[in-house]
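Colleague: Pasting the sequence and the predicted model now:
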Amino acid sequence: MTIPSAKYLSGKQGKKAYVQLAAQDWEQFVEEFERMKNLLNFKQELKEAFREVRQIQKGKKKGTTLKEFLDEV
C-alpha cells in the first residue's frame, strides 16, 4: 500500500489538527488496517498455541487427542 496524499488542516493555534484524504484512499486505509489487525490477532493466537504445546510437552498441561477434539465439535 502506498501512502496516500493528505491535506492537513490546522487548528486555532496553527498546529495540525485534522487530516483530509480522498474517500478511496480512506477506504483502502481502513481495509489495510483491518487486514493488519487480523494478522496481528492471528499471530497472538499462534504464539499462545505454541506456549500451550510447550506446556503439554513439559507435562504442565494435559493435551487433547484428535478424537477428543472431534467429539467436542
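Modeller: Here it is on my side, so go on. Keep in mind the model is a prediction, meaning the values are calculated, not measured.

Colleague: List phi and psi for Gly59.
Modeller: The phi/psi pair for Gly59 (degrees, to the nearest 10) reads phi 80, psi 10.

Colleague: What residues of the longest helix seen in the chain count as buried?
Modeller: Identified as the longest helix of the chain according to DSSP state H is helix 23-57. Buried positions in helix 23-57, judged by neighbour count with 16 or more other CB atoms under 10 Å: Asp25. Quick note: C-beta positions are derived from backbone N, CA and C, even for glycine.

Colleague: From the chain's centroid, how far away is that helix?
Modeller: Helix 23-57 sits 4 Å away from the centroid of its parent chain (CA atoms, centre = their mean, to the nearest Å).

Colleague: now swap in stretch 56-68 and tell me
Modeller: Distance of stretch 56-68 from the chain centroid (CA atoms, centre = their mean) equals 28 Å.

Colleague: residues in contact with Pro4?
Modeller: By CB atoms under 8 Å, 6 or more residues apart in numbering, the contact set of Pro4 is 21-22, 25-26, 28-29.

Colleague: Look at Tyr8 and tell me its secondary structure.
Modeller: Here Tyr8 is recorded as strand under DSSP: H, G, I helix; E, B strand; the rest coil.

Colleague: what bridges to it?
Modeller: Val19 (DSSP bridges).

Colleague: Give the residue spans of the protein that score low on pLDDT.
Modeller: The model of the chain has pLDDT under 70 over residues 1.

Colleague: CA atoms only: put the next helix or strand after the longest helix of the chain into PDB for me.
Modeller: Using DSSP states H and E, the helix or strand that follows helix 23-57 towards the C-terminus is helix 66-72. What follows is helix 66-72, C-alpha atoms only, in PDB (Å, rounded to 0.1, in the frame of the first residue of the first chain):
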ATOM      1  CA  LEU A  66      -7.700 -35.700  17.900                       C
ATOM      2  CA  LYS A  67     -10.700 -37.900  18.900                       C
ATOM      3  CA  GLU A  68     -11.500 -35.800  21.900                       C
ATOM      4  CA  PHE A  69     -11.300 -32.600  19.800                       C
ATOM      5  CA  LEU A  70     -13.600 -34.000  17.100                       C
ATOM      6  CA  ASP A  71     -16.000 -35.300  19.700                       C
ATOM      7  CA  GLU A  72     -16.300 -31.700  21.000                       C
END
